[in-house]
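**Q** next come a sequence and a model predicted from it.
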Amino acid sequence: MLAIGIIPARYASTRLPGKPLVDLGGQSMIQRVVAQARQSSLSRVVVATDDARILEHVQGFGGEAVLTNPDHPSGTDRVRDAYEQLGVAADCIINIQGDEPFIHPAQIDALVQLFAVPPPPPLATLVKPVVSSEELFSPHLPKVVLDAQGNALYFSRHPLPYQRQHPETEWLQQHRYLRHIGLYAYRPDVLTAITQLPPSPLELAESLEQLRWLEAGYRIQTAETELETIGIDTPEDVERALQHLRGQ
């Protein structure tokens, strides 16, 4: 099975300009993401960037990168652009966040394995159990509810389900909540189709792109992980990542 990992990496960032090139203990963030992805079962790992500085940097450390249209509205669009430039026929495409320098190879493999069993799902993503009230009520950590087969029913920045019969302090004791981990897998034909969909009402309300796909009728299968990752969005996150590296 041919599984390709594509890492969207934009230079512009409101809170952390040049984020992919930020130094984390002697390696750039994007270099660490590539290194982690290469330890998985992926056949190929490619960085999709809108900036020549990132392209040259990735090629400089021996990585593979392609230059994409700078006007793409989302990482999904950038992944499709890069895949089309590669000119290969993959069985699945994994969208790996470029600001996750500690992504676990096992998390990538969990999604690849879903596509190894016929029939492959149209789309797949990761979920993780919520372990604290801080996670549960944070609007920055989307939650997800699943059907009995592990397919996503809905994603929300609000805790779902609402525990009508219990105070919020008891919600975690009453229900097993799941949060969404933003690692996506697509069948190539589905990737092409979803990038042609217009923004949907639920997506605009929650600011969650995956709701567009659900509203359009696409099934999103999930795999569960217990592993934690550290996303980098702010200078404070960089310091937290450096502390993590010092503790390794």
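**A** Received the coordinates, thanks.
**Q** okay, now R38: neighbour count?
**A** Using other CB atoms under 10 Å, R38 has 13 other residues around it. The way it works is simple: take the backbone N, C-alpha and C, and place the C-beta from them, glycine included.
**Q** how about P17?
**A** 10.
**Q** isn't it right up against D51?
**A** No. Using CB atoms under 8 Å as the test, P17 is too far from D51 to be in contact (10.9 Å).
**Q** joint contacts of those two?
**A** Y11 (CB atoms under 8 Å, 6 or more residues apart in numbering).
**Q** where in the protein is pLDDT low?
**A** 248 (pLDDT under 70).
**Q** most remote residue from it's center?
**A** Q165 (33.9 Å; CA atoms, centre = their mean).
**Q** how near is that one to H244?
**A** Going from Q165 to H244 by CB to CB, to the nearest Å gives 39 Å.
**Q** sorry, back to before: which SS state does the residue farthest from the centre of the chain fall under?
**A** Following DSSP: H, G, I helix; E, B strand; the rest coil, Q165 is assigned to coil.
**Q** mind saving the C-alpha coords of whichever helix or strand L172 is part of as CSV?
**A** Using DSSP states H and E, L172 maps to helix 171-174. The C-alpha trace of helix 171-174 is given here as CSV (Å, rounded to 0.1, in the frame of the first residue of the first chain):
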residue,chain,number,x,y,z
TRP,A,171,-19.2,15.5,33.7
LEU,A,172,-16.0,13.6,33.4
GLN,A,173,-17.1,11.1,35.9
GLN,A,174,-20.4,10.5,34.0
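**Q** next structured bit after that helix?
**A** Using DSSP H and E, the helix or strand that follows helix 171-174 in sequence is strand 178-186.
**Q** okay, now the sheet partners of that next one, with direction.
**A** Paired neighbours of strand 178-186 in the sheet (DSSP bridges): strand 92-95 (antiparallel), strand 123-129 (antiparallel), strand 143-146 (antiparallel).
**Q** please identify the most buried of the ones you listed.
**A** strand 92-95 (a mean of 26; mean count of other CB atoms under 10 Å).
**Q** contacts for the next helix or strand after that strand?
**A** Per DSSP H and E, the first helix or strand lying C-terminal to strand 92-95 is helix 105-114. Contacts to helix 105-114, defined as CB under 8 Å, 6+ apart, come from residues 1, 3, 5, 36-37, 39-42, 92, 94, 96, 120-121, 124-126, 181, 183-185, 221, 223-225, 227, 229.
**Q** are any of those buried, and if so which?
**A** 3, 5, 36-37, 40, 42, 92, 94, 96, 120-121, 124-126, 181, 183-185, 221, 223, 225, 229 (16 or more other CB atoms under 10 Å).
**Q** give me the distance between the two termini of stretch 186-200.
**A** 19 Å (CA to CA, to the nearest Å).
**Q** now swap in stretch 88-97 and tell me
**A** 22 Å.
**Q** could you do stretch 110-128 as well?
**A** Terminal-residue distance, stretch 110-128 (CA to CA): 12 Å.
**Q** how about stretch 224-242?
**A** First residue to last in stretch 224-242 (CA to CA) measures 27 Å.
**Q** quick check: buried residues in that stretch?
**A** Buried residues in stretch 224-242, counted by 16+ other CB under 10 Å: T225, T229, G231, I232, D237, V238, A241.
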